[in-house]
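> Structure for the following, please:
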Amino acid sequence: MPRHSAGPTEPEPPEDARRAPERRSHADRSRATRAALIETARRLFAERGYAHVPAGEIVTAAGVTRGALYHHYADKQDLFRAVFEELEREVTAEIAAAIASAPDPATGMVAGVGRLLDICQRPEVVRIALTDAPAVLGWQAWREIEARHGLGLITENLEAAARNGVLVPAPVPVLAHLVLGAVIEAALLIAHATDPQAARADAEQALLTLLSGMVAPR
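This is a model prediction of the structure:
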């Protein structure tokens, strides 16, 4: 009897297409591992401080292997840097949102300063960003990371104030660095004060007095 053809067979997908799901799965696993390490390390660093959290405890609590830690990060210090960078991004975004919600630049300046000083009283920020980061990463690296996140926000707002005629004539890049330095010092004063609430009030008054001198007269 004649044999009937089963019809044309579908061509196999290219090898790259067959491997794509595997690559995506591997990428997803890598992201999940990094997220678990950062989340766990951030919690433990905030609770007890960098020096009192062994790398072995981090990987056990995160449910990953020590090899996974050293695959994604050079060492515990490198993981701390990733934790600090994540915290800085969140803090900067929160301050930016407070400034953006204000009805005008002057009010935004007050809102931004207030939100920053509130943030500086959070135990997580005090421990990781203001206490451990300078010691763990070194002063220069700490300042570079602070500048990468906070400096851009300060520069952007000073440039907006200059465009709107609110800022006194001044070189914005230099002014932004000086404002960042004042903000960091205020944060450190609050973090290490015996009475953080009183230190916060004094720091807010001083910062607003300083910033008011940058406002162009009407």
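> Show me which positions of the helix or strand of the chain with the lowest mean pLDDT end up buried.
Of the helices and strands making up the chain, the lowest-confidence element is helix 15-48, at a mean of 82, by mean pLDDT, DSSP states H and E. Residues of helix 15-48 classed as buried under the neighbour-count rule (16 or more other C-beta atoms under 10 Å) are 33-34, 36-38, 40-46. Yep, even glycine has a C-beta here, placed from its N, CA and C like the rest.
> after it comes which helix or strand?
helix 55-62 (DSSP states H and E).
> Which secondary structure elements does that next one sit against?
Counting contacts by 3 or more C-beta pairs under 8 Å, 6 or more residues apart in numbering; DSSP states H and E, helix 55-62 is packed against helix 15-48, helix 66-72, helix 76-100.
> Can you check what angle separates the longest one from helix 55-62?
Just to be clear, that refers to helix 15-48. For helix 15-48 against helix 55-62, the angle by axes from the mean of the first three to the mean of the last three C-alpha atoms, to 10 degrees is 110 degrees.
> same for helix 15-48, what does it pack against?
Taking 3+ C-beta pairs under 8 Å, 6+ apart as contact, the helices and strands that helix 15-48 lies on are helix 55-62, helix 66-72, helix 76-100, helix 123-124.
> who's in contact with A199?
If you count contacts by C-beta atoms under 8 Å, 6 or more residues apart in numbering, A199 has them with 189-190, 193.
> so where does it fall, helix or strand?
Under the assignment here (DSSP H and E), A199 is part of helix 196-212.
> Now that helix: buried residues?
Using 16+ other C-beta under 10 Å as the burial criterion, the residues of helix 196-212 that qualify are 196, 199-200, 203-204, 207, 211.
> pLDDT on that helix, on average?
Averaged across helix 196-212, the pLDDT comes to 91.
> before we move on, back to that, quick one: which of the contacts of A199 is most hemmed in?
Top of these by neighbour number is I190, holding 27 neighbours under the definition other C-beta atoms under 10 Å.
> and the helix or strand containing it with helix 76-100, angle?
Element membership for I190, per DSSP H and E: helix 172-191. When the same axes, to 10 degrees is applied, the directions of helix 172-191 and helix 76-100 differ by 110 degrees.
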